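Colleague: missing the sequence, but the structure's below:
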């Protein structure tokens, strides 16, 4: 009697096995030796049934998630891929054993209801599942998406109206380089990822100014080399110069002590510590997110179209809905004393 199969191999069909050392699936063949089926379980199963001339028993949601995270997710932005990894794990735990075509709208609604205390992450997790099913449709795993009309949790957008005085109070507890970072963030409205990736190559004052291509939208922006921006970039480079590695080709504008660009997690830990210190001191009454500085930059632009260009949005509706947090200035009606008593308002 053969040995009892364990782990991954326990769920595989007869003749197919997983080699943990090589992270690869194989088909045992008496005539051709072991046939390499690849590293992705879902694709390996396809090759297996094609090789033995049989019919595929069907894919599970776990098979789909595995292939999507291996092939499709890495093509997205680094931050999106990173946040998708734990969400994929949650989806496997909840729906992994479901056959692809048997997952229903009711199953997903129950999952959203179960996670009602974390509505934003629940919404993003289900949105990821929807993207995975779209890929399954393209790959021919299914003929149609079995769920539709999902009712997501309502998400409240932040209406935090950051004051200039709060930013000034926060900067009192920041190292010099972070103060300069905040100033450049306010001047340009750039996202955190784009800020951390800035190098001396982005600053070309002789041909225009600070050249940036947004990592999220791929929008290209040149921030004009005005006197104020030029002065700020000069201070930033002077502060960074003693951290750059001698002879380095790439010189980040905001380097670590080792001369490399900050990782998002490393940078956020510094931001959090400075923010906590500022709040605990009593000089800053309420903490704020770095993202709020981007909103402040848009809010303080006199014209909505200027704010749109600064943030690199395609439509002013995005700028208005999510970033303009201030009051809209309007001229009141004048000569109110000339109204007559018979004027009616409808």
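Modeller: Perfect, thanks for sending it. Being a predicted model, the structure only gives us computed values, none of them experimental.

Colleague: mind listing what residue 87 touches?
Modeller: By CB atoms under 8 Å, 6 or more residues apart in numbering, the contact set of residue 87 is 121, 124, 125, 128. For the C-beta atoms, the positions are set from N, CA and C on the backbone; glycine is no exception.

Colleague: and the gap between it and residue 115?
Modeller: 11 Å (CB to CB, to the nearest Å).

Colleague: Now do the shared contacts for the two.
Modeller: Shared contacts of residue 87 and residue 115 (CB under 8 Å, 6+ apart): 121, 125.

Colleague: picking that back up, tell me the buried residues within the contacts of residue 87.
Modeller: Listed as buried from these are 124, 125, 128; burial here means 16 or more other CB atoms under 10 Å.

Colleague: Of those, which belong to helices?
Modeller: Counting by DSSP state H, the part of those found in helices is 124, 125, 128.

Colleague: who's in contact with the second one?
Modeller: The contact partners of residue 125, taken as CB under 8 Å, 6+ apart, are 87, 90, 91, 115.

Colleague: got it, and the last one?
Modeller: Under the criterion of CB under 8 Å, 6+ apart, the neighbours of residue 128 are 84, 87, 88, 91.

Colleague: one step back: out of the contacts of residue 87, which is nearest to residue 299?
Modeller: Nearest to residue 299 among the contacts of residue 87 is residue 124, at 26.2 Å by CB to CB.

Colleague: what pLDDT does the closest residue in space to the closest one that isn't next to it in sequence get?
Modeller: Nearest residue to residue 124, sequence neighbours excluded (CB to CB, 6 or more residues apart in numbering): residue 87, at 6.5 Å. Note on residue 87: pLDDT of 96.

Colleague: Quick check: residue 87 is in a helix.
Modeller: Yes - inclusion of residue 87 in a helix is indicated when DSSP: H, G, I helix; E, B strand; the rest coil is applied.

Colleague: roughly how far apart are it and residue 147?
Modeller: 17 Å.

Colleague: for residue 312, same thing?
Modeller: For residue 312, the distance to residue 147 equals 34 Å [CB to CB].

Colleague: Between those two, which has more neighbouring residues?
Modeller: Neighbour count, other CB atoms under 10 Å: between residue 312 and residue 147, residue 312 has more, with 21 against 17.

Colleague: quick one: that one from residue 293, how far?
Modeller: 15 Å.

Colleague: And this protein, split by domain according to the record?
Modeller: If you go by automatic domain parsing, the domain ranges for the chain are 10-52, 61-139, 164-322.

Colleague: and the ones in helices among the buried ones among the contacts of residue 87 as CSV, adding pLDDT?
Modeller: Listed next are those as CSV, based on pLDDT from 0 to 100:
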residue, pLDDT
124, 95
125, 96
128, 96
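
Colleague: Now render the buried ones among the contacts of residue 87 as TSV, adding distance to residue 154.
Modeller: Output for the buried ones among the contacts of residue 87, formatted as TSV (distance: CB to CB, whole Å):
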residue	distance to residue 154
124	14
125	16
128	19
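
Colleague: List just the nearest of those to residue 254.
Modeller: Looking at the buried ones among the contacts of residue 87 and their distance to residue 254, the nearest is residue 124, at 28.3 Å (CB to CB).
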